[in-house]
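[1] got a sequence here, can you model it:
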Amino acid sequence: MENQNKIGLAIRILSNQVEREFERHIACSLPNGITGLQGRVIDFVKEQTDEVFQKDIEEEYGIQRSTATGMLQLMEKNGLLTREAVDYDARLKKIVLTKKAIGIHARIKDEINRVENMLREGLTEDEINTFFSVMKKISMKVK
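    Just a heads-up that it's a prediction; the model follows:
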C-alpha cells in the first residue's frame with residue numbers, strides 16, 4: 001500500500017498541518033506560551049453553560065488524563081485558570097478561567113473561526129457532511 005493511500009497516515013499529516021496553521025496564528029496574536037490546545041481549552045470552558053471539569057476536557061479533545069493534567073497545571077501556573085472545589089463532591093475541581101484568559105478569549109475565538117473558515121473554503125456542504133460522516137465511522141473503530 002502506498003503512503004498516500006494510508007488513511008491513518010493521511011489523518012496524522014492533516015492533523016499536523018492544521019495544528020501548525022493554528023499554532024502559527026495563535027503565536028502571532030496571543031501572549032507568549034499559549035499553545036493552540038490551550039487556546040481551544042479556553043474557548044471550550046468559556047462557551048460552556050455548565051461547570052467544566054478535567055474529564056470534560058479529556059473527552060472533548062480526545063486526550064489522555066496525564067496530558068490534560070500537565071496542560072491544566074501549566075495553564076494554572078501561567079495564570080489562565082484556577083481549579084476550584086465544588087460543594088457536592090470533594091474529589092472534583094471545576095475549571096475556572098481567570099480574567100487574563102477571559103481577556104484573550106475574543107482573539108482566540110477569532111483565530112479558531114479564521115482557521116475553520118479557511119478549512120471549509122472551497123468545500124460544498126455535501127463534501128463537509130461526507131467528511132464528518134467518514135471521520136465518525138473511523139473514530140468509532142479506534143475508540
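[2] give me the phi and psi for Phe53.
    Main-chain torsions, Phe53, degrees, to the nearest 10: phi -120, psi 170.
[3] so what pairs up with it in the strands?
    Note on Phe53: beta-bridge partners by DSSP bridges are Lys94.
[4] neighbours around it, how many?
    Using other Cβ atoms under 10 Å, Phe53 is surrounded by 16 other residues. For the C-beta atoms, the positions are set from N, CA and C on the backbone; glycine is no exception.
[5] would you map the helices across the protein?
    Along the chain, counting by DSSP state H, helices occupy 7-29, 36-47, 54-61, 65-77, 99-120, 125-142.
[6] the first one packs against which elements?
    Using 3 or more Cβ pairs under 8 Å, 6 or more residues apart in numbering; DSSP states H and E as the contact criterion, the neighbours of helix 7-29 among helices and strands are helix 36-47, helix 99-120.
[7] go on, the second one?
    Packing partners of helix 36-47 (3+ Cβ pairs under 8 Å, 6+ apart): helix 7-29, helix 54-61, helix 65-77, strand 89-97, helix 99-120.
[8] for the nearest residue to Lys46 once chain neighbours are set aside, the count of nearby residues, please.
    Among residues not flanking Lys46 along the chain, His105 sits closest, at 5.0 Å (Cβ to Cβ, 6 or more residues apart in numbering). Applying other Cβ under 10 Å, we find 16 residues neighbouring His105.
[9] contacts only, for His105.
    His105 makes contact with 42-43, 46, 97, according to Cβ atoms under 8 Å, 6 or more residues apart in numbering.
[10] show me what counts as buried in stretch 19-39.
    Neighbour-count burial for stretch 19-39 flags 21-23, 25-26, 30, 34-39 (criterion: 16 or more other Cβ atoms under 10 Å).
[11] what is the nearest of the residues you listed to Glu60?
    Within those, the smallest distance to Glu60 is 10.7 Å, found for Leu37 (Cβ to Cβ).
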